[in-house]
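# A predicted structure for the sequence below; I have some questions about it.
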Amino acid sequence: MAKFSSWDGLELNYRVWEGEGVPVVLQHGIVADTNANWMSVGVVAALQQAGHQVISLDARGHGRSEKPHDAERYSWRAMADDVRALYDHLGLDEVVQVGYSMGGVISILVAQSDERVRRLVVGGIGSGVVDCGGIDWRVIDAEDIVTAMRGDGSGTAEQAKMFRILADVLGADREAIASVAAGLSEAPIKTVADIEVPTLVLAGDADPFAAEPERLAAAFPNGSLAVVPGDHLVATTHPKFAAALVDFLA
């Protein structure tokens, strides 16, 4: 594990596993971190076994990265710029960018603004990107997550309860997560038609946040789709998730 100072001075945590070829950069979902989203479920191990160099970033407000309690420190563009700042810090010339849920939207924004992205993988998102410009707020509203993180969680919308539970299991800073959600309330994506690199949409078959993933895959000029068993929290734990990612990179 190591830390670097991002574009606005925030200290962010990252980890590198050595390997060959184009580095695979991982960006986790909201509330989660490198361990919860990628290590504990076997994704990092599968990529290592296939010989890839792997790099994972704890997003601002998450994991071992700095966690300001100020919504103004969080935005989709700020978090995408954190990923690009990590590229700069490590001197990366080309990458495979992989993101899940919140990290999937961040990864799309990175791919739109950085030529170093040679392949893109997005999981845990679907037609919400096409219809809502990012996270599918038809399923959950940013304010629902804010409410879930504060107080005793009473009055929390059903779909937001799992994020409260996950935060408590991981020992996350709930006030920081509330600030993240408040800062990510806008819809950052107008189109993905400008992303020409090979792109894999990787979705759980019971994930409401990744509904109609075939529509998102079709929106990418060079998109493909892999559907695996599981809902939003379980899909990454299924061996087929890591296998589909490794196969796409082969």
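Nice, I can see it.
# flag the shaky bits of this protein, pLDDT-wise.
153-155 (pLDDT under 70).
# again, only this time at 80
In the prediction, the chain carries residues with pLDDT under 80 at positions 151-157.
# which residue ranges form the helices in it?
With helices called from DSSP state H, the chain shows them at 34, 43-49, 76-90, 102-113, 127-132, 142-149, 158-170, 174-183, 213-219, 239-249.
# and the ones you listed as CSV, adding distance to Val227 and mean neighbour count?
Every residue, glycine included, has its C-beta placed from N, CA and C. As requested, those are exported to CSV (distance: least, Cβ to Cβ, whole Å; neighbours: other Cβ atoms under 10 Å):
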stretch, distance to Val227, mean neighbour count
helix 34, 25, 25
helix 43-49, 17, 18
helix 76-90, 26, 20
helix 102-113, 15, 25
helix 127-132, 13, 20
helix 142-149, 26, 22
helix 158-170, 20, 17
helix 174-183, 27, 22
helix 213-219, 7, 19
helix 239-249, 9, 18
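# switch the ones you listed over to JSON lines; also include distance to Ile195.
Shown next, in JSON lines, are these (distance: least, Cβ to Cβ, whole Å):
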{"stretch": "helix 34", "distance to Ile195": "25"}
{"stretch": "helix 43-49", "distance to Ile195": "22"}
{"stretch": "helix 76-90", "distance to Ile195": "13"}
{"stretch": "helix 102-113", "distance to Ile195": "5"}
{"stretch": "helix 127-132", "distance to Ile195": "11"}
{"stretch": "helix 142-149", "distance to Ile195": "24"}
{"stretch": "helix 158-170", "distance to Ile195": "28"}
{"stretch": "helix 174-183", "distance to Ile195": "24"}
{"stretch": "helix 213-219", "distance to Ile195": "9"}
{"stretch": "helix 239-249", "distance to Ile195": "15"}
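# my guess is Val192 contacts Asn222, does it?
No. Using Cβ atoms under 8 Å, Val192 is not in contact with Asn222; the gap is 10.6 Å.
# for those two, indicate the residue with more neighbours.
Each of Val192 and Asn222 has its neighbours counted (other Cβ atoms under 10 Å); Val192 has more, 21 against 13.
# quick one: contacts for the most centrally placed residue in the chain?
Geometric centre of the chain, nearest residue: Gly103, 1.5 Å, by Cα atoms, centre = their mean. By Cβ atoms under 8 Å, 6 or more residues apart in numbering, the contact set of Gly103 is Leu26, Gln27, His28, Gly29, Asn37, Ala59.
# if we can go back for a sec, quick one, which of the helices of the chain is nearest to Glu20?
helix 43-49 (10.6 Å; Cβ to Cβ).
# for the closest one, which outside residues touch it?
Under the contact criterion Cβ under 8 Å, 6+ apart, helix 43-49 has outside partners 17, 19, 24, 26, 37-39, 54, 56, 236, 241-243, 245-246, 249.
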